[in-house]
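In: the sequence isn't on hand, but the structure is:
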């Protein structure tokens, strides 16, 4: 049973992972690939920090999406292009716990005034994150 998500008032959902950052990222990549979702980029924030002589806990951002799902959203509300493609931050906190954080689909819907019938196009992020965290 997945652990409950922690939602913030800023529209960010954080879910705990049962794995390291690297293992969580690997699981998320595999899930995206199996669903035919494009991984546009992965930003290794902690790796980049290390290159300039700074240290931070493992922190990686995955940027992914599907033109089939995203295009109707952008046609309905062009400003959502600011928040698309979708993003999931996989980061280890100071206590060594790994979290997956992402924008709440409902937050994005309200922020960009998206029609309710298009919410499933971005709500899939919840399922992706739950499976990656297991």
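Out: Received the coordinates, thanks. Only a predicted model underlies this, so the values are computations on that prediction, with no experimental measurement involved.
In: buried ones in stretch 111-129?
Out: Residues 111, 112, 114, 118, 121, 122, 125, 126, 128, 129 are the ones in stretch 111-129 that count as buried (16 or more other CB atoms under 10 Å). The way it works is simple: take the backbone N, C-alpha and C, and place the C-beta from them, glycine included.
In: just give the nearest non-adjacent residue to the fifth one, would you?
Out: Read that as residue 121. Among residues not flanking residue 121 along the chain, residue 69 sits closest, at 4.2 Å (CB to CB, 6 or more residues apart in numbering).
In: element containing that neighbour, please.
Out: Using DSSP states H and E, residue 69 maps to helix 67-76.
In: same question, residue 39
Out: Residue 39 belongs to strand 38-44, assigned by DSSP H and E.
In: what helices and strands are in contact with that strand?
Out: Packed against strand 38-44, as judged by 3 or more CB pairs under 8 Å, 6 or more residues apart in numbering; DSSP states H and E, are the following elements: helix 21-34, strand 59-65.
In: now stretch 76-94: buried residues?
Out: Buried residues in stretch 76-94 (16+ other CB under 10 Å): 77, 80, 83, 84, 85, 86, 87, 88, 89, 90, 91, 92.
In: narrow these to those in strands?
Out: Residues of those located in strands (DSSP state E): 86, 87, 88, 89, 90, 91, 92.
In: what's opposite the closest residue in space to the second one that isn't next to it in sequence in the beta bridge?
Out: When you say that, I think you mean residue 87. In this structure, residue 87 finds its nearest non-sequential neighbour in residue 63, 5.3 Å apart by CB to CB, 6+ apart. According to DSSP bridges, the residues that bridge with residue 63 are residue 41, residue 87.
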